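[1] here are the coordinates; sequence isn't available:
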């Protein structure tokens, strides 16, 4: 018998990342999510104490949040400057009208490039916002020319330099409340 990550029996459709398919998010889940969004390295026993639950219950809750797609991963947030890439920019990319059917391919190609930190598919006049980090303005220029302007699907780009990135540290996860609450 197949089992999911929490050890529960796997049933058809239980691998969905649709939170609505599982149990709703409750106050305990909100506490866990809030703390993990602040520090994903919080030990399970400390997380359990914050939520006022047993460590075994906490572990099961976190696994359930992962299984349901509420938590999509844990990662290290590395400052590109420590790797010698201290020039960061957001590049707005507009795709040719006749290349719209290839939007996904372009995003996948861009995501494989070393300079690219994030690729955002956006609404509005532009199609993508590409977050990049390079070692110099010359490398940034070369990136735009070689990977964007020269690409047949790209109609135009606009590069916006990032002077500083201020990260919110105390963000509470927001969930929609059901009517009547």
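    Sure, I can see it. Being a predicted model, the structure only gives us computed values, none of them experimental.

[2] what packs against the least confident helix or strand in the chain by mean pLDDT?
    In the chain, the helix or strand scored least confidently by mean pLDDT, DSSP states H and E is helix 103-111, which has a mean of 91. Counting contacts by 3 or more C-beta pairs under 8 Å, 6 or more residues apart in numbering; DSSP states H and E, helix 103-111 is packed against strand 116-121, strand 128-134. Heads up, the C-betas are built off the backbone N, CA and C, glycines and all.

[3] Flag every buried residue along that helix.
    Going by neighbour count (16 or more other C-beta atoms under 10 Å), the buried part of helix 103-111 is 106-107, 110.

[4] Give me the distance from that helix to the chain's centre.
    16 Å (C-alpha atoms, centre = their mean, to the nearest Å).

[5] related to what we said a few turns ago, please render the buried residues of helix 103-111 as TSV that adds distance to residue 81 to the earlier fields.
    Below are the buried residues of helix 103-111 laid out as TSV (distance: C-beta to C-beta, whole Å):
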residue	distance to residue 81
106	28
107	25
110	21
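
[6] Break the protein down into its domains, please.
    Per the TED database, the domain ranges recorded for the chain read 27-68, 80-162.

[7] tally of neighbours for residue 88?
    Counted with other C-beta atoms under 10 Å, the neighbours of residue 88 add up to 21.

[8] For it, give the beta-bridge partners.
    residue 133, residue 162 (DSSP bridges).

[9] What's the separation between it and residue 165?
    Per C-beta to C-beta, to the nearest Å, residue 88 is found 7 Å from residue 165.

[10] Right, I'll leave it there.
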